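Colleague: Dropping a prediction and its sequence here:
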Amino acid sequence: MPTRGESGRPVVETDVELLLVEDHHDDARFVERLIRERQSDLAREGTSEPIEIREIHHVDRLVAALERVETAPPDVILLDLMLPDSRGLETVERLVEHAPDVPIVVLTGQNETDTGVDAIQRGAQDYLSKGTVTGETILRTLRYALERSRNQRTLVDRNHRLALLNRIVRQDIRNDVSMIVGLADQLRGRVDPHDERAVEMLLDAAQHAVDLTDTAAAVIDVISASDVEREPVDLYAVLDAKVRELRRERDVEIAVDRRDDVEGPVIVHASPMLGLVFEHLLANAVDHSDRSTPHVVVVDATAEDVIVEIADDGVDVPDAQKRSLVQPSACFDGRSGMGVELYLVTILLESFDATLKVEGNYPNGTRTRVTLVRADAVSD
């Protein structure tokens, strides 16, 4: 099947095998001739399609097609819906059931657009109208069907892998680490005083591992979702809740300075997972602040967006990490210095069209600016 080279352009596949399922032999010969003539014209011109049909196997019954896909699966199928032993959309359904990984392009009558659309909903990749088909449209449609099918298989495989990883993180690893936390906690007061520090370090490390598994599970959830469900979210309600939570858990004070002229709540276009963004950004500011009171400032709230700024006065974030935070897909690697928590922040913000800017906080520290879209500015 077609693959892509380093440039991203489709690589010409010269060994595509087509199964043509058509009971009218004149129509079958016509389709074969269109394909051969188009490929011959391209060869004379010195150009080529990203796919090249080398073999065409023709059958005139669905039962013969089913036998073929089970014994020698083709790369792609061109299917007429009206066969002697099967008619209409049932033909697509039965073939998809027997060959779910083989892309199918349906041949319809000249005025059967609705039938073609219905066929796609039943599992076909595309459709062609017999009345307007050409060699060029056949090759182009088969090429797109092959590429879409390959992308779908890649997506399914990715989701299966993510599901396995999700189970390992949420169950296997978390259960084992939780057991370590419990056993280490039992050692408190039972060990030699010289070993108490080691027990506390063990507990801290184990609890951090538990927190990391929760964050990793959240990352998996976001990556697995084809589209994060966005909804109106009360920004200050989410932010205040996370500030109170951090104050309680870390025993620190966080100054929140609201500098907008909006009366009442500010509703942004996000998701309930917005809380995770502030949870990790606030914790990061506390961890890197030399002051006892890190600052969280809502800088502005216009009719279109709202900016939340979180500042600390610790060590400035390295330039490589700043770049990776702004463009995580290009720079998330071992050299960027980005932890899994900050990676989660970037992909969450990307999922609801928010932006992130990281810059130095003169004279020391880092200033992180999150720009969120106001729900009022989102058109239905």
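Modeller: Everything's here; your move. Numbering: from 1, shown residues only.

Colleague: Okay, buried residues for the longest helix anywhere in the chain please.
Modeller: For the chain, the longest helix by residue count, based on DSSP state H, is helix 135-167. Buried residues in helix 135-167, counted by 16 or more other Cβ atoms under 10 Å: 135, 138-147, 149-150, 165-166. Yep, even glycine has a C-beta here, placed from its N, CA and C like the rest.

Colleague: got it, and stretch 45-65?
Modeller: Using 16+ other Cβ under 10 Å as the test for burial, stretch 45-65 gives 49-53, 56, 58-60, 62, 64-65.

Colleague: Over to stretch 92-109?
Modeller: Using 16+ other Cβ under 10 Å as the test for burial, stretch 92-109 gives 92, 94-96, 98-99, 102-108.

Colleague: farthest-separated two in the buried residues of helix 135-167?
Modeller: Using Cβ to Cβ, these span at most 46.5 Å, a distance reached by Gly135 and Asn166.

Colleague: hang on, Asn111 in a strand?
Modeller: No. Applying DSSP: H, G, I helix; E, B strand; the rest coil, one finds Asn111 to be coil, outside a strand.

Colleague: Count the residues that sit near it.
Modeller: Other residues near Asn111 number 9, with proximity taken as other Cβ atoms under 10 Å.

Colleague: And Lys242, how far from Glu70?
Modeller: 56 Å (Cβ to Cβ, to the nearest Å).

Colleague: Between these two, which has more neighbouring residues?
Modeller: The neighbour count for Lys242 versus Glu70, taken as other Cβ under 10 Å, is higher for Lys242 (22 against 10).

Colleague: My guess is that one contacts Gly275. True?
Modeller: Yes. Lys242 lies in contact with Gly275 (Cβ atoms under 8 Å); the separation is 5.7 Å.

Colleague: residues in contact with the nearest residue to Leu79 once chain neighbours are set aside?
Modeller: Spatial nearest neighbour of Leu79, chain neighbours left out: Val21 (4.7 Å); criterion: Cβ to Cβ, 6 or more residues apart in numbering. Residues in contact with Val21, defined by Cβ atoms under 8 Å, 6 or more residues apart in numbering, are 59-60, 62, 64-65, 77-80, 83, 95.

Colleague: okay, these in CSV with distance to Arg367 next?
Modeller: Output for those, formatted as CSV (distance: Cβ to Cβ, whole Å):
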residue, distance to Arg367
Val59, 67
Asp60, 71
Leu62, 66
Ala64, 69
Ala65, 64
Ile77, 57
Leu78, 59
Leu79, 59
Asp80, 64
Leu83, 67
Leu95, 59
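
Colleague: and these, which of them are in helices?
Modeller: Per DSSP H, the contacts of Val21 map to helices at 62, 64-65, 95.

Colleague: tally of neighbours for Pro235?
Modeller: Careful, residue 235 is Leu and not Pro. A total of 23 residues lie near Leu235 under the criterion other Cβ under 10 Å.

Colleague: Quick check: Ser48 touching Asp41?
Modeller: No. Using Cβ under 8 Å, Ser48 makes no contact with Asp41, being 10.7 Å away.

Colleague: Need the three-state assignment for Pro74.
Modeller: With three-state DSSP as the basis, Pro74 sits in coil.

Colleague: Relative to Asp353, how far out is it?
Modeller: 42 Å.

Colleague: Give me the more crowded residue out of those two.
Modeller: Under the criterion of other Cβ under 10 Å, the comparison of Pro74 against Asp353 puts Pro74 first, with 20 against 14.

Colleague: check contacts around the more buried one.
Modeller: 17-19, 57, 68, 102.

Colleague: now do 10 Å
Modeller: 16-20, 55-57, 65, 68, 99, 102-103 (Cβ atoms under 10 Å, 6 or more residues apart in numbering).

Colleague: Next: Ile53.
Modeller: By Cβ under 10 Å, 6+ apart, the contact set of Ile53 is 13-18, 20, 32, 35-36, 38-39, 75-76, 78, 138-139, 142.

Colleague: who's it bridged to?
Modeller: Ile53 forms beta bridges with Val16, as assigned by DSSP bridges.
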